[in-house]
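[1] below: sequence and its predicted model.
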Amino acid sequence: MVASSHPAVSQAGVRVLEDGGNAVDAALAMAAMSWLVLPGQCGIGGDAFALVRRLDGTVTAFGGSGFGPDGGEPAFYRDQGLDALPMDGPLAVAVPGAVAALAALHADSASWELTRLWGPAADHAERGLPCTYKTRGDILERRAALSRDAGTASVFLPDGVPPRVGAPLRQPELAATIRRVAADPSSFYTGEPAERAVAALNEGGAPFSGEEWAASGEALTGDALTCVYQGLTLHLTPPPTPGWMVIQQALLNDGVLAEAPWLSAEAVGRAADAARLAFADRFAGCGSDNDHWRTLLTKDAVAAARERLAARDLPAPARPHVPVDGDTTSMVAVDADGMAVSLIHSLAFTFGARFTVPGTGIVLNNRLGRGAYLIDGHPNEVRPRRRPLHTLNAWLVTGQDGALRHVGNTPGGDGQVQWNMQLISHLLDHGLDPATAVSAPRFTVHPGSDADVVGEPPELRVESRLGTERVERLRELGHDVRVQGPWAGGGSAQVVSADPGTGALLGASDPRQDGVALGVL
């Protein structure tokens, strides 16, 4: 079974499974297809993270997150009059890590050649896939930024006009790049694509040396983070992802949310406060190259945090900034043998830096602008060879015997660590099925700790389906609640669960986007 945010992505994965490929094969084919049908959300110029449960029950994390420019000292940006990193253009870019992560994932557990898995996506890029309603909306919303770059404009604003729904989006240069990289993933970091990217970024004023580009070609591979929740083992992606924040929330909520009525005001309030505390802890001391997060997960730290939650002793936002939306997409795949993959990838904000490497079709991310701070001395301050902190994270759940129980993820910036905890609670605390879990009323504390929103007034955003009575009770409990539309909470959750009694796979895709779960009989 597979699940994703777009029918063509799910179809690509299920076709691989039908033809005898395994879950990793399916996930890799899905990733490449999503570059084309969800171009605002992901791309070969972005980052990626994945968890894999192998057939022997072991779980491994694969990460792709690159460095900013070697010349990107804080003084470089301040000398240009900046008090925060730009969100558009070359100065917003970090070296893409997706190719490194996907290549490592392929080398570890795939059964098909990468050229076979990515070949169909390259063919579709050459011929052109129909523009969807969502992609047209993304283009319309970012039209001005896209029009300023010749590469993005040529694809997404042909003849200067946003494509109509159904019009083919042809990307022949990207097709050639996909084929080249599928044949030799290392070329993305040390070959012609890398040389073209560094040259274009240098011309745009970003001080890349090329050495940081090559250094980013090594994937971040290792053990997943784990904790026990409701007697099951929860696996999360390690830093630079915020997977530890999901674990922190799990440790704070274990034995609490299960005792409260599902989605009661008290349960929502408790989960929201745990998320807000996690964001404050992240901002206060966490960077991608320190271990401060480990101190937050110790027994004593968790006990102290539980006391703070009981007293609603929550920190205030740190400083004001200007908000910008983000975007990502994710997918899950499980094969008949029990191998499972949770994969998430992103350009950071919609269409990333809105900057295309000439001659390659590669739209570059704006992860540096989104994830790094320009705050003197902060552990997440922009620095050469320091990866910016990430919003992306993936999870899966196994039983005490190591058998797969659930695998899932969701896009949504700082919403991810909150909504993933909500999904896990729906499934483990209340025994809900995937369809109910992904469609449940969603709630979100704001701001998180993204560089673009830190310091905004605190809110608890809830979908109106939560109900007036619960909203009023949350306000009585001291939450500043803002009601959103019934399905406006954001995200696009994907879940596949394995029934321990029957062995059946149950899957669902979030109705907030266009996705679908598909299985093989």
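    Cool, got the structure.

[2] and after the longest helix that the chain contains, which helix or strand comes next?
    Taking DSSP state H as the criterion, the chain has its longest helix at helix 265-285. Downstream of helix 265-285, the next assigned helix or strand under DSSP states H and E is helix 292-296.

[3] list the helices and strands that following helix packs on?
    Helices and strands touching helix 292-296, as assessed by 3 or more Cβ pairs under 8 Å, 6 or more residues apart in numbering; DSSP states H and E, comprise helix 243-253, helix 265-285, helix 299-311. Placement of C-beta: from N, CA and C, glycine included.

[4] other residues contacting it?
    239, 244, 245, 248, 281, 282, 285, 286, 301, 302, 305, 379 (Cβ atoms under 8 Å, 6 or more residues apart in numbering).

[5] quick one: buried residues of it?
    293, 296 (16 or more other Cβ atoms under 10 Å).

[6] average model confidence for that helix?
    Helix 292-296 shows a mean pLDDT of 97.

[7] CA atoms of it as PDB?
    Output of helix 292-296 as PDB, limited to C-alpha atoms (Å, rounded to 0.1, in the frame of the first residue of the first chain):
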ATOM      1  CA  HIS A 292      21.100  20.500  23.600                       C
ATOM      2  CA  TRP A 293      17.900  18.600  22.500                       C
ATOM      3  CA  ARG A 294      19.200  15.500  24.400                       C
ATOM      4  CA  THR A 295      19.100  17.300  27.700                       C
ATOM      5  CA  LEU A 296      15.400  18.100  27.100                       C
END
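
[8] about what we covered before: any chance of the helices and strands packed on helix 292-296 in CSV, with mean neighbour count, distance to residue 206 and mean pLDDT too?
    Below are the helices and strands packed on helix 292-296 laid out as CSV (neighbours: other Cβ atoms under 10 Å; distance: least, Cβ to Cβ, whole Å; pLDDT from 0 to 100):
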stretch, mean neighbour count, distance to residue 206, mean pLDDT
helix 243-253, 26, 29, 98
helix 265-285, 22, 26, 95
helix 299-311, 13, 39, 94
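
[9] hey, where'd the helices end up in the stretch 101-250 of the chain?
    114-127, 133-141, 143-147, 150-156, 172-183, 187-190, 192-203, 211-215, 243-253 (DSSP state H, counting those that start in this stretch).

[10] spell out for me which residue occupies the centre of the chain.
    Nearest to the geometric centre of the chain sits residue 392, at 3.2 Å (Cα atoms, centre = their mean).

[11] you'd agree it is up against residue 345?
    Yes - counting by Cβ atoms under 8 Å, residue 392 touches residue 345, with 7.4 Å between them.

[12] overlap of the contact sets of those two?
    With Cβ under 8 Å, 6+ apart as the test, residue 392 and residue 345 both reach 47, 48, 49, 328.

[13] pLDDT of the helix or strand hosting the third one, averaged?
    Element membership of residue 49 [criterion: DSSP H and E] is strand 47-53. With pLDDT averaged residue by residue, strand 47-53 scores 98.

[14] again, but for stretch 216-232
    So the average pLDDT for stretch 216-232 ends up being 97.

[15] before we move on, back to that, of all the contacts of helix 292-296, which two lie farthest apart?
    For those, the maximum inter-member distance is 21.3 Å, found between 302 and 379 (Cβ to Cβ).

[16] check the gap between residue 414 and residue 152 for me.
    Going from residue 414 to residue 152 by Cβ to Cβ, to the nearest Å gives 26 Å.

[17] the strand holding residue 49 - contacts with which helices or strands?
    By 3+ Cβ pairs under 8 Å, 6+ apart, strand 47-53 packs against helix 23-37, strand 59-64, helix 98-109, strand 232-236, strand 340-346, strand 395-398, strand 404-409.

[18] distance from the last one to the middle of the chain?
    With Cα atoms, centre = their mean, to the nearest Å as the basis, the distance from the averaged C-alpha position of strand 404-409 to the chain average is 16 Å.

[19] now stretch 480-500
    15 Å.

[20] next, the buried residues of that stretch.
    So stretch 480-500, judged by 16+ other Cβ under 10 Å, has buried residues 481, 484, 487, 489-498.

[21] could you dump it to PDB, C-alpha only?
    Output of stretch 480-500 as PDB, limited to C-alpha atoms (Å, rounded to 0.1, in the frame of the first residue of the first chain):
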ATOM      1  CA  ASP A 480      -6.000  32.700  22.600                       C
ATOM      2  CA  VAL A 481      -8.000  30.700  20.000                       C
ATOM      3  CA  ARG A 482      -8.400  31.700  16.300                       C
ATOM      4  CA  VAL A 483     -11.000  29.700  14.500                       C
ATOM      5  CA  GLN A 484     -10.200  28.600  10.900                       C
ATOM      6  CA  GLY A 485     -12.300  27.100   8.200                       C
ATOM      7  CA  PRO A 486     -13.500  23.500   8.700                       C
ATOM      8  CA  TRP A 487     -10.700  22.100   6.600                       C
ATOM      9  CA  ALA A 488      -8.300  25.000   6.700                       C
ATOM     10  CA  GLY A 489      -5.800  23.700   9.300                       C
ATOM     11  CA  GLY A 490      -3.200  22.800   6.700                       C
ATOM     12  CA  GLY A 491      -1.100  19.800   6.000                       C
ATOM     13  CA  SER A 492      -1.600  16.700   4.000                       C
ATOM     14  CA  ALA A 493      -1.200  13.700   6.400                       C
ATOM     15  CA  GLN A 494      -0.500  10.200   5.100                       C
ATOM     16  CA  VAL A 495      -0.900   7.000   7.200                       C
ATOM     17  CA  VAL A 496      -0.700   3.300   6.600                       C
ATOM     18  CA  SER A 497      -1.400   1.000   9.500                       C
ATOM     19  CA  ALA A 498      -0.800  -2.800   9.800                       C
ATOM     20  CA  ASP A 499      -3.600  -4.700  11.600                       C
ATOM     21  CA  PRO A 500      -1.700  -7.000  14.000                       C
END
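
[22] ok, back up a step: so can I have CSV of the helices of the stretch 101-250 of the chain showing distance to residue 260?
    Converted to CSV, those look like this (distance: least, Cβ to Cβ, whole Å):
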stretch, distance to residue 260
helix 114-127, 44
helix 133-141, 35
helix 143-147, 44
helix 150-156, 46
helix 172-183, 48
helix 187-190, 48
helix 192-203, 50
helix 211-215, 47
helix 243-253, 10
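
[23] which one of those helices lies nearest to residue 70?
    Using Cβ to Cβ, these put helix 211-215 closest to residue 70, at 4.8 Å.

[24] can I get the helices and strands packed on strand 47-53 in a markdown table including mean neighbour count?
    Compiled in a markdown table, those are given as follows (neighbours: other Cβ atoms under 10 Å):
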| stretch | mean neighbour count |
| --- | --- |
| helix 23-37 | 29 |
| strand 59-64 | 24 |
| helix 98-109 | 23 |
| strand 232-236 | 22 |
| strand 340-346 | 30 |
| strand 395-398 | 24 |
| strand 404-409 | 26 |
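
[25] export these to a markdown table and tack on distance to residue 217?
    What follows is these, written out as a markdown table (distance: least, Cβ to Cβ, whole Å):
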| stretch | distance to residue 217 |
| --- | --- |
| helix 23-37 | 17 |
| strand 59-64 | 9 |
| helix 98-109 | 5 |
| strand 232-236 | 25 |
| strand 340-346 | 16 |
| strand 395-398 | 26 |
| strand 404-409 | 24 |
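
[26] residue 222 is nearest to which of those?
    strand 59-64 (6.0 Å).

[27] buried stuff in the helix or strand following that closest one?
    Remark: after strand 59-64, the chain's next helix or strand is helix 74-78, criterion DSSP H and E. Going by neighbour count (16+ other Cβ under 10 Å), the buried part of helix 74-78 is 74, 76, 77.

[28] contacts for helix 74-78 next, please.
    85, 91, 207, 374, 376, 381, 382, 383.

[29] closest one to residue 434 out of those, please.
    Closest to residue 434, out of all of these and judged by Cβ to Cβ, is residue 85, at 37.9 Å.
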